[in-house]
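*Asks:* Here is the input, now give the coordinates:
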Amino acid sequence: MNSDKKKLKVLVSAFACFPPVRPDADKGESALGTGESILGWNLVRKIGCFHNVWIITQGRYRKGIEQFLQEHPSPQLHFSYLNIPLVWKPFWKTPFLQHVYYYFWQRLAYGRARTLHRLIGFDLAHHLTFANDWMPSFIGGKLRVPFIWGPIGGGQKYPPQFLRDFGYSARLKEFGRVAAQWWGRTVLPSRRQTAKRARAILVCNREARATIPARYRDKVRFFPVTGATTDDLAALPLIKPEDGLFRIMTTGRLVRYKCFDFALMAYALFVKARPDFPSHFEIIGQGPEEKVLRKLVDDLGLADRVNFIPWLSRKDVIVKMAASDVFLFPSLREGGGIVIIEAMASGTPVIGIDAAGPGFHIQREWGIKIAPLEKRQVIRELSEALVRLSQDPALRRRLGEAARKRAEEYYIWDRLGERLMVIYEEVLERGLKT
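*Replies:* Next up is the predicted model:
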C-alpha cells in the first residue's frame, strides 16, 4: 500500500477485542473464545498502523485495554466502550445467551456509531467480531458509510453421519445451533441488508462463502480469522528433540465436536501397529469431555502413553508444539482453527480433517488431511497418517519446513494487515459491486 496516501478515519465494530494480558479478567472473557479476541485485537492494531481507528467494543474490556495502551501507546487507536445496562455475567454461561446479548449489544453499538459519525465523519466502517455469517451487523446494514464485513465464518456443520455418536442432549444442542443459524440467514432482514450493503465480504472458509447469497458472491474475498505474530516465530526453536521419542500433541477445549476421542482411538491403532516404537501423546486443555476422555484412555490401555495437561499460557503451548513431531487435530466443525496456524508456525506437521477451517489451512505440501466420510474410516486414516509420519523423519521435516514457510508468508498478522489495506483500497478507490 502506498504510504503517501492520506490516513482514513475508520470505524470498527469489535465486540470481542482485548489485548494479550489478563488484567483481573473474569472467566467470562475466556467464554468468548480466544480466537475471536485474538482476531479483533490483532486486526485493530494492524489497521491502526495505516489509519486512524475508532473501535466500539465492550466496556468490560476497558481496564485491560487501557493498561496495555499505557505500556504500548497507540495514539491512532480510539476506543469507545459499551455495555448493555443489565447484569450481563449470566449471559456467558451458554453460547445461545452470548449471542442474544451480542444481538442487542449491536443495536446499541449502531446508536453509538451514529453519534461518532456525526462528530468525526468516517471514511469506512468495518465489522470485525463476532466473526460469524448468520448474525447481522447493524452498523454495516444501516450506517451510510462504505462498509466491509468480516472475516466471517459459521457455515460449517457437524457432518450428519457422525451425529449418531452424540447423546440426546448433544444432538439437541446441535439441532438448536443449526436452526438458529438458519433463522439468522433466512429470516432476519438485517442480515440480508448487511450482505447487500457490504462492499467486500471476507470469509474464512468455503463453507462460509456458500452461505452468502449467489448475487453477492462477487464481493467475497477469502481471509483467515487466525494468524501468528513475528514474536511467535522468533521465539521458537527450529530443531526438534532427537531422543528417539515420537511426540504427538493436541490442544483445545475438551468438547464433543472437536473429536478428541477420535484422536485417542487413532493413537491406540497406531500403538497396536507399532507397539515397540517409543511414542507419547499430550492433550492440553480442559472441558466437559475430560472425564469421558480419561476413561477412554484407561479403556484403551494407554495410561502410560497419554498425558492430560491443564490450560497453559499461549507461549508455553506454542513451545510444546515446536517440540512435537506431529500436531493431531480431528475437529469436525472448526471455523478457523488458530491452533493449526500456531502448529504450522512452529514447524510441526498437522494431521486434521478436510472440513471448514482445517480443510482450508492444511494442504498436502505441509500437512495431511482426512476426508470425513464415516467414523471408522476417519480413525483408521488418522492412525495411518501417524504411522506414515513416524516412519519417515525426512517427510516430517519437509512438511514442517513447508508449514512454517506458509505461516510466514500468509498468516503473520503483519501480512494480513497489508492484505486488508489492499482490500480497503479496492473498496474506496475502484469500488466493488453492491
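*Asks:* tell me the secondary structure for the residue lying farthest from the centre of the chain?
*Replies:* For the chain, the residue at maximal distance from the C-alpha centroid (C-alpha atoms, centre = their mean) is Asp276, at 37.3 Å. What DSSP: H, G, I helix; E, B strand; the rest coil gives for Asp276 is coil.
*Asks:* Over to Arg253?
*Replies:* Quick answer, by three-state DSSP: Arg253 is coil.
*Asks:* separation between it and Lys196?
*Replies:* Look at Arg253 and Lys196: by C-beta to C-beta, to the nearest Å, they are 35 Å apart. Just so you know, the C-beta spots here come from the backbone N, C-alpha and C atoms, and that holds for glycine as well.
*Asks:* More neighbours: the two, which one.
*Replies:* Using other C-beta atoms under 10 Å as the criterion, Arg253 and Lys196 rank with Arg253 on top: 17 against 14.
*Asks:* Spit out the contact partners of that one.
*Replies:* Contact analysis of Arg253 by C-beta atoms under 8 Å, 6 or more residues apart in numbering lists Gly285, Gln286, Gly287.
*Asks:* Of those residues, which is the most crowded?
*Replies:* Ranking the contacts of Arg253 using other C-beta under 10 Å puts Gly285 first, with 22 neighbours.
*Asks:* For Arg144, which three-state class applies?
*Replies:* coil.
*Asks:* Could you count how many residues lie near it?
*Replies:* 10.
*Asks:* repeat for Asn52
*Replies:* The burial count for Asn52: 17, using other C-beta under 10 Å.
*Asks:* number of nearby residues for Asp261?
*Replies:* 20.
*Asks:* Wait, it touches Leu293, no?
*Replies:* Yes: contact criterion C-beta atoms under 8 Å: Asp261 and Leu293 qualify, at 6.4 Å.
*Asks:* May I see the contacts of Arg253 organised as TSV, with distance to Val319 and pLDDT added?
*Replies:* Shown next, in TSV, are the contacts of Arg253 (distance: C-beta to C-beta, whole Å; pLDDT from 0 to 100):
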residue	distance to Val319	pLDDT
Gly285	16	93
Gln286	19	91
Gly287	22	90
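*Asks:* between these, which is closest to Gln106?
*Replies:* Nearest to Gln106 among the contacts of Arg253: Gly287, at 28.2 Å, using C-beta to C-beta.
*Asks:* Tell me if I'm right that the closest one and Leu254 touch.
*Replies:* Yes: Gly287 is in contact with Leu254 according to C-beta under 8 Å; the separation is 3.2 Å.
*Asks:* Show me which helix runs longest in the protein.
*Replies:* Counting by DSSP state H, the longest helix found in the chain is helix 95-120.
*Asks:* Any buried residues in that one, and which?
*Replies:* Neighbour counts using 16 or more other C-beta atoms under 10 Å place 98-99, 101-103, 105-106, 109-110, 112-113, 116-117 of helix 95-120 among the buried residues.
*Asks:* And Leu188, what's its pLDDT?
*Replies:* pLDDT recorded at Leu188 is 86.
*Asks:* Where do the helices of the stretch 251-400 of the chain begin and end?
*Replies:* 260-273, 290-299, 314-323, 338-345, 356-361, 375-391, 393-406 (DSSP state H, counting those that start in this stretch).
*Asks:* Include distance to Val427 when you put those into JSON lines, please.
*Replies:* Shown next, in JSON lines, are these (distance: least, C-beta to C-beta, whole Å):
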{"stretch": "helix 260-273", "distance to Val427": "41"}
{"stretch": "helix 290-299", "distance to Val427": "45"}
{"stretch": "helix 314-323", "distance to Val427": "33"}
{"stretch": "helix 338-345", "distance to Val427": "26"}
{"stretch": "helix 356-361", "distance to Val427": "23"}
{"stretch": "helix 375-391", "distance to Val427": "41"}
{"stretch": "helix 393-406", "distance to Val427": "27"}
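*Asks:* want to throw the ones you listed into CSV with mean pLDDT?
*Replies:* Shown next, in CSV, are the helices of the stretch 251-400 of the chain (pLDDT from 0 to 100):
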stretch, mean pLDDT
helix 260-273, 96
helix 290-299, 96
helix 314-323, 86
helix 338-345, 90
helix 356-361, 86
helix 375-391, 96
helix 393-406, 94
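*Asks:* For Phe223, find the nearest of the ones you listed.
*Replies:* Nearest of the helices of the stretch 251-400 of the chain (C-beta to C-beta): helix 356-361, 10.8 Å.
*Asks:* Tell me which other helices or strands that closest one touches.
*Replies:* Packing partners of helix 356-361 (3 or more C-beta pairs under 8 Å, 6 or more residues apart in numbering; DSSP states H and E): helix 206-211, helix 338-345, strand 350-353.
*Asks:* starting at the chain centroid, how far to that helix?
*Replies:* 11 Å (C-alpha atoms, centre = their mean, to the nearest Å).
*Asks:* Surely Arg191 touches Met135?
*Replies:* Yes: between Arg191 and Met135 a contact is recorded at 7.0 Å, counting by C-beta under 8 Å.
*Asks:* so how far is Ser324 from the residue most central in space within the chain?
*Replies:* The centre of the chain sits closest to Gly336, judged by C-alpha atoms, centre = their mean, with a distance of 3.7 Å. Gly336 sits at a distance of 21 Å from Ser324 (criterion: C-beta to C-beta).
*Asks:* How about Asp165?
*Replies:* 27 Å.
*Asks:* More neighbours: which of these two?
*Replies:* Taking neighbours as other C-beta under 10 Å, Asp165 and Ser324 compare with Ser324 leading, 25 against 13.
*Asks:* so how far is Ala170 from the more buried one?
*Replies:* 29 Å.
*Asks:* cool, and Ala356?
*Replies:* Plainly put, Ala356 is 19 Å away from Ala170 if you go by C-beta to C-beta.
*Asks:* neighbour-wise, which of those two wins?
*Replies:* Taking other C-beta under 10 Å, Ala356 and Ala170 do not tie; Ala356 has more neighbours (25 against 15).
*Asks:* Good, wrapping up.
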